[in-house]
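Participant: Structural data only, the sequence is not supplied:
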């Protein structure tokens, strides 16, 4: 069914609300393939087969914001678009009075634990931006390995917080940062960098070619900059990043 959209000039028109979906990204992909205009949003109270990066399962019980936004970008850096969505998601969390950080490429953190994630998928020339935020999800409702590294907004906010309010803040901030991404990419980089949880930290990046070293921020195209142990900076466009225990451990890799 469709419902009244949150207060955003473009995003959430139409707004498709579902009690349950396999994956909001899958439904938004169908809208994209059907030629639906930019701004359509699919939101579900629960996902049964939500997914994150690299096809990983994304636990989506009731109490979160599980949504996908249909975008039809013209120009701009794809890598920076992902960062812009991350900044918008972090600001939606911060609207509840809770400071947020960003971990490249797509995680939003509160107190060092994951509270939200972003997954962008191309559908022809369109992009589906899937966003999941733990708003008032009980950690015991998550699989044990996920709960060990996750948190939920209600555990940190001073007052009551509801998914609907976070969704409204999210669409407002995404409207803003989507526009800035197209016309002022430096602002996206600055906003992301001010919340960078990895900068200056020893990291290990796994992927097609593993990289170990110290994270040194984000390149203009959205890539992660890692200074390797011998001093050479490397840019990484894709991969999984984890904090390494320290320089001695890295030198033994």
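Facilitator: That came through, no problem. Keep in mind it's a predicted model, so treat the numbers as computed, not measured. Numbers count the residues shown, from 1 in each chain.

Participant: Could you use CA atoms for every contact and neighbour count after this?
Facilitator: Fine.

Participant: dump the residue contacts of the spatially most central residue of the chain.
Facilitator: The residue lying closest to the centre of the chain (C-alpha atoms, centre = their mean) is residue 118, at 2.5 Å. Taking C-alpha atoms under 8 Å, 6 or more residues apart in numbering, we find residue 118 in contact with 52, 82, 85, 86, 106, 107, 129, 130, 131, 132.

Participant: Redo those as TSV? Include neighbour count and pLDDT.
Facilitator: Shown next, in TSV, are the contacts of residue 118 (neighbours: other C-alpha atoms under 10 Å; pLDDT from 0 to 100):
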residue	neighbour count	pLDDT
52	17	54
82	21	94
85	29	97
86	30	97
106	21	87
107	21	94
129	23	96
130	27	96
131	25	96
132	25	95
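
Participant: before we move on, back to that, how would you label the residue nearest to the centre of the chain: helix, strand or coil?
Facilitator: strand (DSSP: H, G, I helix; E, B strand; the rest coil).

Participant: Distance of it relative to residue 184?
Facilitator: 21 Å (C-alpha to C-alpha, to the nearest Å).

Participant: try residue 42
Facilitator: Counting by C-alpha to C-alpha - residue 42 and residue 184 are separated by 27 Å.

Participant: Kindly report the same for residue 11.
Facilitator: 20 Å.

Participant: cool, and residue 25?
Facilitator: 27 Å.

Participant: got it, and residue 96?
Facilitator: For residue 96, the distance to residue 184 - C-alpha to C-alpha - is 26 Å.

Participant: Counting neighbours, go ahead and name the busier of the two.
Facilitator: Per other C-alpha atoms under 10 Å, whichever of residue 96 and residue 184 has more neighbours is residue 96, with 21 against 13.

Participant: Give me the phi and psi for the closest residue to the more buried one other than its chain neighbours.
Facilitator: Excluding the flanking residues, the one nearest residue 96 by C-alpha to C-alpha, 6 or more residues apart in numbering is residue 157, at 6.2 Å. Phi and psi for residue 157, reported as degrees, to the nearest 10, are phi -70, psi 150.

Participant: Which residues are in contact with residue 157?
Facilitator: Counting by C-alpha under 8 Å, 6+ apart, residue 157 has contacts 96, 97, 98.

Participant: That concludes my questions; thank you for your assistance.
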